[in-house]
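K.L.:
I need the structure of the sequence given here:
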Amino acid sequence: MRWCRFEEDGRAVHGIVEGDRVVAVEGDPFNGHAPTGRVHRLSGIRLLPPVVPPTFYAVGLNYARHIREAADRKGVPADLPTQPDVGYRANNALIGHGADIVIPEGATRVHYEGEVVAVIGRTARNVSEAEALDHVLGYTIGNDVSERNWQRSDRTFWRAKNADTFKPMGPWIDTEARLDRMETIVRRNGEETIRFRTDDMIFGVATFISTMSRYLTLHPGDVIWMGTDGSSPDLQAGDEVEIEITGIGTLRNRLVGAS
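P.N.:
Purely as a prediction, here's the structure:
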């Protein structure tokens, strides 16, 4: 099943994607839902982020190549993590599929990061790795946009990672996607820039959920962005970034300058 969230008559509603149409529902995938009988063409609606998370978690360094390439650019040895580490992002940065990423005034080095996003479906507290994936509703796609110069200078990444529009997410949540079958492909202006196995992580989704749940409670709707591999070219206004994850779909957003 594919769950989306979209704008209908000025309000956000959830829907189930069935081919090229969306069936609107009352309720949501976390607390129950009922059919409404309203059906829309997928091409005729404005998709919103498929969930507004109670808590927005983001894994930092979780793919070895990404870490090694960053270390090579700095001329230092690669320092791979020895334990799962997770941070937080801000909901103000979320936008949906097709919405514009706005490059803020003063931003000079903007990069994409294509990430698979785990969406929590059931409350998780003190769960084992064997149980962890039972608490996942499904997966969606995230583009962790970053301003690299700000990232070096801002101790908390408050604007480098969390500026308005810097976190596209969507187009929907796929409840049947399999991590072991996923491949992530990123394109800029239609040209492929990177491709990698989505589950080629240092620490997997189950490990993160189990580790996190020892210290905090994960709630339905929480999201965990799982990190990225490789590196990004410098982006500029007019560029279009597509992040395809096989089994889920494609998240597409265009960059524009601040007005």
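
K.L.:
Let me see the contact set for the closest residue to residue 150 other than its chain neighbours.
P.N.:
Spatial nearest neighbour of residue 150, chain neighbours left out: residue 160 (3.7 Å); criterion: Cβ to Cβ, 6 or more residues apart in numbering. In short, each C-beta sits where N, CA and C put it, glycine included. Contacts for residue 160 were tallied using Cβ atoms under 8 Å, 6 or more residues apart in numbering; they are 146, 147, 148, 150, 151, 154.

K.L.:
Among the residues you listed, which lie within helices?
P.N.:
Assignment to helices by DSSP state H places the following of those there: 148, 150, 151.

K.L.:
Reformat those into a markdown table and put neighbour count, distance to residue 215 and pLDDT next to each item.
P.N.:
Formatted as a markdown table, the ones in helices among the contacts of residue 160 follow (neighbours: other Cβ atoms under 10 Å; distance: Cβ to Cβ, whole Å; pLDDT from 0 to 100):
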| residue | neighbour count | distance to residue 215 | pLDDT |
| --- | --- | --- | --- |
| 148 | 16 | 30 | 96 |
| 150 | 20 | 29 | 97 |
| 151 | 14 | 26 | 95 |
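
K.L.:
just to revisit the earlier point, from the contacts of residue 160, pick the one nearest residue 57.
P.N.:
residue 146 (16.5 Å; Cβ to Cβ).

K.L.:
Check the gap between the closest one and residue 111 for me.
P.N.:
Look at residue 146 and residue 111: by Cβ to Cβ, to the nearest Å, they are 5 Å apart.

K.L.:
Then residue 231?
P.N.:
8 Å.

K.L.:
Name the residues linked to residue 88 by a beta bridge.
P.N.:
residue 57 (DSSP bridges).

K.L.:
And residue 22, by the same measure?
P.N.:
Following DSSP bridges, residue 22 is listed with bridge partners residue 17, residue 40.

K.L.:
which residues sit against the helix ranked longest in the chain?
P.N.:
When the chain is scanned for its longest helix (criterion: DSSP H), the result is helix 64-74. Helix 64-74 has contacts (Cβ under 8 Å, 6+ apart) with 61, 77, 78, 79, 80, 196, 202, 227, 228, 229, 230, 231.

K.L.:
And that helix, what's buried?
P.N.:
Under the neighbour-count criterion of 16 or more other Cβ atoms under 10 Å, helix 64-74 has 66, 67 buried.

K.L.:
returning to what we had before: shared neighbours, residue 231 and residue 111?
P.N.:
Residues touching both residue 231 and residue 111 (Cβ under 8 Å, 6+ apart): there are none.

K.L.:
residues of stretch 217-224 that come out buried?
P.N.:
For stretch 217-224, by 16+ other Cβ under 10 Å, it's 218, 220, 221, 222, 223, 224.
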